[in-house]
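Enquirer: Predicted model follows, preceded by the sequence.
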Amino acid sequence: MEYSIPAIRRLQLGRVLRELRKRASLSIDQVGPDLDVSASTLNRIECGRARVHPLVVRGALDLFGVPFETVEDVMALAREAYRNTWWTVQGIAADSYVALETEAVAARNFELALIPGLLQVEDYARALFTLDPPAERERYLRIRMERAARLTGDRPIDLHAVVDETVLTRPVGGRRVLTEQVRHLVEMAQLPDVRLQVLPVAVGASRGLRGAFSLLSFPPDTIDDLAYVDHPAGNLQLSKPAKVKELTQRFDRIARVALDEHESLELLRGLVRD
């Protein structure tokens, strides 16, 4: 592997352990006491939400009666899943959008109300977090800026973002911050791995009015695309192929009626000049 992808590996490991447990005809309640792990923790492990020590995985495989050749493959997966990352240190769940975005190779993002997180400057993000509990603001800001650094790092994510035109005139943080933010968009739009489009107000009714959403794609031989739909409490993760396909098609339709990359860049430059 070219880089550590523990969030993806935790999802894979959880699915493998669930399948092996079921093959052994054991329930979570039966397995827990032998591993000295609660049923709720085992459920979180199987859902890819908990970090599990490789020794616990080894004990589970012994309990399930897994053949030696399979044990080695699963243990390699377990060791990769157990690695520390920056988002682990920040207390971010392995199955969260942030953790999985960190390990995705491509993202498609439609925003109706805000600048996409990957494209936000610090002052813009700080203005957004003033609505959050004071104790969490700096942590949220560090996480947001860590995400944004991905676009210019050694392993940039391939980003295709479409933003509603109204986002570009909403003075989050004030006019100075908005100008700084739009200027940053002009710079980011010229990166080789960033494709930025603006959905003009003149389009009128469109599928984009139904709400913001994102799609993440991952390295080959890991997991399928995931979709996320924004809602007031965060976002909803969708993994069923039919739902992911539906949102992929919606994104493509929105992108087709949006300004192309060149037109969008000219619009952004005009806003900076004004």
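Expert: That came through, no problem. Numbering: from 1, shown residues only.
Enquirer: What separation do you get for Pro56 and Ala93?
Expert: Slight slip there: residue 56 is Val, not Pro. Using Cβ to Cβ, to the nearest Å, one obtains 18 Å as the distance from Val56 to Ala93. For every residue, glycine as well, the C-beta is placed using N, CA and C.
Enquirer: next one: Gln181
Expert: Distance check for Gln181 against Ala93: by Cβ to Cβ, it reads 28 Å.
Enquirer: out of those two, which sits in the more crowded spot?
Expert: For Gln181 and Ala93, the more surrounded residue by other Cβ atoms under 10 Å is Gln181, and the numbers stand at 23 against 18.
Enquirer: Doesn't that one lie inside a helix?
Expert: Yes: secondary structure of Gln181 (DSSP: H, G, I helix; E, B strand; the rest coil): part of a helix.
Enquirer: Could you find the closest non-adjacent residue to it?
Expert: Of all residues not flanking Gln181 in the chain, Tyr124 sits nearest, at 4.5 Å (Cβ to Cβ, 6 or more residues apart in numbering).
Enquirer: any idea which element the one you found lies in?
Expert: helix 122-129 (DSSP states H and E).
Enquirer: what's the average pLDDT for that helix?
Expert: When pLDDT is averaged along helix 122-129, the result is 94.
Enquirer: and if you look at stretch 163-172?
Expert: Across stretch 163-172, the average pLDDT comes to 94.
Enquirer: still on that earlier bit, between helix 122-129 and the next helix or strand after the helix holding Tyr124, find me the angle.
Expert: From helix 122-129 onward toward the C-terminus, using DSSP H and E, the following helix or strand is helix 134-148. For helix 134-148 against helix 122-129, the angle by axes from the mean of the first three to the mean of the last three Cα atoms, to 10 degrees is 140 degrees.
Enquirer: Does helix 134-148 pack against any helices or strands, and if so which?
Expert: Taking 3 or more Cβ pairs under 8 Å, 6 or more residues apart in numbering; DSSP states H and E as contact, the helices and strands that helix 134-148 lies on are helix 86-89, helix 97-103, helix 122-129.
Enquirer: got a list of contacts for that helix?
Expert: Contacting residues not belonging to helix 134-148 are listed as 86-87, 90, 92, 98, 101-102, 117-122, 125-126, 129-130, 132 [Cβ atoms under 8 Å, 6 or more residues apart in numbering].
Enquirer: Quick check on the residues you listed: which are buried?
Expert: The neighbour-count test (16 or more other Cβ atoms under 10 Å) applied to the contacts of helix 134-148 identifies 87, 92, 98, 101-102, 117-121, 125-126, 129 as buried.
Enquirer: could the residues you listed be laid out in CSV, adding distance to Asp164?
Expert: Putting these into CSV (distance: Cβ to Cβ, whole Å) gives the following:
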residue, distance to Asp164
Trp87, 28
Ile92, 28
Val98, 23
Glu101, 21
Thr102, 26
Gly117, 15
Leu118, 17
Leu119, 14
Gln120, 15
Val121, 19
Ala125, 19
Arg126, 22
Phe129, 21
